[in-house]
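> Generate a structure from the sequence data that follows.
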Amino acid sequence: MRVGVEVGGTFTDLVAVEGGRIVVTKVPSTPKSPDIGAFNALTESGIDLSKIEDLGHGSTVATNAVLERKGATVAFIATAGFRDLLFMQRHDRRNIYDLFYAKPSPPVRRKDCFEAPERLKADGSVETPLDEAKVRTELLPTLKVGGYRAVAICLLNAYANPAHEQKLAAMIGEALPGVLVTCSHQVAREFREFERASTTLLSAYVQPVIDGYLHRFESKLADAGFTGRFTVMQSNGGRLPASAMRQSAITALYSGPAAGVVGATRQAARSGFKDLITFDMGGTSTDVCLVQDGRPSLASESEIDGLPIRTPVLDIVSVGAGGGSIAWVDDGGMPRVGPQSAGADPGPACYGKGGTEPATTDAHVVIGTIRPAAFLGGRMTLDADAARRSFAAIAERFKLSPEQAASSALQLADANIVRAIQLVSTERGRDPRDYALVPFGGAGPLHAARIAEELGISTIVVPPNAGVISAYGLVASDYTKFDAVTRKMKLDDAAAKEAGKTFGEMRARLAAQFADMKLPGGLVYTHTLDMRFVGQAFEVGVEIHAGKLGALDAAYLSELFADAHHRTFMHGAKTDRPIEIVTLRVGATLPIGAAPKLDREKLAARAPDQAKIFHGEAWLDCPRHTAEALTPGQKIVGPAVIEGHTATTWVAPGWTAELDPSDNLILRRSA
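Sure thing, here's the model as predicted:
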């Protein structure tokens, strides 16, 4: 039995797969203690935990620790003279016309930043040896009285030579047992000092939080009889055993959204769709990602709360447009939706838990696309009157009916989502019309048709049990780990040969790490070079074909780089300008084999009943179908509503829907 438990902002989802049996469960999240909600999902499902062989888990614990500034008390150590590195940052201004603009604040106080007496040159050679005596007499006593739970070490040019970081970490570990120490060469062995320091600090900041969370959850699992493998989702779309995540907490920042992309990609591939735009609309936000030929786009850097993170992540763009996103009026009198969210507590007004502000879910109740008695398959009844009351103030202000106000709020949410999809497609040089839209999450299939129309997309693939696809992704994902090393070399045949040698060393290092995690061989590797023209400030990633690794030369790498540079910047395909290699990246993946099949629960066919939906400026009469009662090949002509246990699909006028043999619901635009 494989089980995935994903903690979202509003609901915690569970998918269990055993042979041909599928168990799906949704329970409210518990934001103050996410592990309670995760364990509640296991309890609610009725699964015997002793029978679980593989339990995959994804949560927002690391993300929330940073956003809410609830991480550990951490000390930061830099090379002498670089104490203010985290505060000086870069010289850019995000808002150039804001007179009160301030740089993003790191989660560490300046008085908790210290200097190490040492200095390395850019090539890794020693300029000033580490003064161990001074460390013992000055630095260590100060750290002892600081009450720190974690220490982040980022020494200048440690990516080229980690010896000083390793020695300093050993001295701190000996003097301060129990304090978690994170070194930059362990989490981001790359150049660019501020980005590396930020990544190291954030990793140390969330490490004790993740460690405590996993320990509590594992203890509850053990007490309940669980003896299987417990794994945690990473931001890069692959899992690792929980024990490994204790040394690499920074990779878990976006585990929930990444799991959704993997689950959607796996399920859409069953129907032959490999060029996708995944669209995950949950309770708090919407996450979108472009998938090319079955492979989600990967970025080497992202940011959280304005702070950079140098670790591989799926190239996901998030906007504050979810089922709990609140409709409001700004100071200029313009209506807006999100990013504020009603969350899980109190939730939208229709939840009946004390919420009064109008949320996206309330809007769907008002226009009829969500039937109050059928929410979550009938396990939760919504308050339709409360939903209408929540829109009364906005409706009165703009002289609209509640239905018109609710419909307008949904259009605003759609506009935010369209913009996010354009960021991962049009602005990356991809035409969204060449892709199929894959909506999931509790609200995704309700918005998909309108989103597709705005983008000119003609095909939508709605997975079965669309509301729990992120949890499914946890049991369908492979084991993955990445390594990166900066080696600046001007491109020639000698540099190409050196790159091949370094790739081999990195593969060996990753293989040893997988062996330490007790994950057997059979690894599949990817190899990428970050390259640029000499004098440029930023690099272009160039993927190396596996068959060419044994005979890399300058001509081959130059050709690959020219093609990649031209695709990105529309110039540089033919030039004699010198090129340099900057960073080498290797990804190691242990495939799980065929992903467990995700089917919808089958019910006896039944005649559809009638629904009234407010669409455009009028009420439409249309059929309401039950998703679990559909049969393959059955064609539904819009307008129509298809209700499922975890999500409802709106088939807009001009669209048709048909269930295919893989249990995906395929929507096509007919007009």
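
> Quick check: buried residues in the helix or strand bottoming out on mean pLDDT in the chain?
When each helix and strand of the chain is scored by mean pLDDT, DSSP states H and E, helix 61-67 comes last, with a mean of 82. Buried residues in helix 61-67, counted by 16 or more other Cβ atoms under 10 Å: 61, 62, 63, 64, 65, 66. Backbone N, C-alpha and C define where each C-beta goes, glycine included.

> Against which helices or strands is the helix or strand following that helix packed?
Next helix or strand after helix 61-67 toward the C-terminus (DSSP states H and E): strand 74-79. Judged by 3 or more Cβ pairs under 8 Å, 6 or more residues apart in numbering; DSSP states H and E, strand 74-79 is in contact with strand 113-116, strand 150-154, helix 193-223.

> what distance separates the helix or strand hosting residue 423 from the centre of its chain?
Following DSSP H and E, one finds residue 423 within helix 402-424. Chain-centre distance of helix 402-424: 22 Å, with Cα atoms, centre = their mean, to the nearest Å.

> what angle do the next helix or strand after it and helix 402-424 make?
Downstream of helix 402-424, the next assigned helix or strand under DSSP H and E is strand 436-440. Interaxial angle, strand 436-440 versus helix 402-424 (axes from the mean of the first three to the mean of the last three Cα atoms, to 10 degrees): 120 degrees.

> Send me strand 436-440 as CSV with only the CA atoms.
C-alpha atoms of strand 436-440 as CSV (Å, rounded to 0.1, in the frame of the first residue of the first chain):
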residue,chain,number,x,y,z
ALA,A,436,-3.4,21.2,-22.8
LEU,A,437,-4.6,22.7,-19.5
VAL,A,438,-4.7,20.3,-16.6
PRO,A,439,-6.8,21.8,-13.7
PHE,A,440,-6.9,20.2,-10.3
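
> Could you look up the next helix or strand downstream of it?
With DSSP H and E, the next secondary element past strand 436-440 is helix 444-455.

> Give me the contacts around that following helix.
Contact with helix 444-455 is made by 279-281, 286, 364, 369-370, 410-411, 413-415, 417-418, 421-422, 425, 432-433, 437, 439, 457-460, 462, 466, 638, 647-652, 655, 667, 669, as judged by Cβ atoms under 8 Å, 6 or more residues apart in numbering.

> So for that helix, mean pLDDT?
In this model, helix 444-455 carries a mean pLDDT of 96.

> One more: stretch 421-437?
90.

> List the buried residues of that stretch.
For stretch 421-437, using 16+ other Cβ under 10 Å, the buried residues are 421, 422, 424, 425, 430, 432, 435, 436, 437.

> Most widely separated two among these?
Using Cβ to Cβ, these reach their maximum pairwise distance at 422 and 436, which is 16.6 Å.

> picking that back up, any chance of the buried residues of helix 61-67 in a markdown table, with distance to residue 588 too?
Formatted as a markdown table, the buried residues of helix 61-67 follow (distance: Cβ to Cβ, whole Å):
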| residue | distance to residue 588 |
| --- | --- |
| 61 | 25 |
| 62 | 22 |
| 63 | 25 |
| 64 | 29 |
| 65 | 27 |
| 66 | 27 |
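
> Can you classify residue 611 by secondary structure?
strand (DSSP: H, G, I helix; E, B strand; the rest coil).

> correct me, but it touches residue 641?
Yes. Here residue 611 lies in contact with residue 641, judged by Cβ atoms under 8 Å, at a distance of 5.0 Å.

> neighbour count winner among those two?
residue 641 (26 against 18; other Cβ atoms under 10 Å).

> Can you tell me the closest non-neighbouring residue to the more buried one?
residue 624 (4.5 Å; Cβ to Cβ, 6 or more residues apart in numbering).

> Look up the pLDDT of the one you found for me, please.
94.

> And it, how far from residue 652?
Look at residue 624 and residue 652: by Cβ to Cβ, to the nearest Å, they are 14 Å apart.

> got it, and residue 496?
53 Å.

> what's the answer for residue 441, then?
Residue 441 is 18 Å from residue 652, by Cβ to Cβ.
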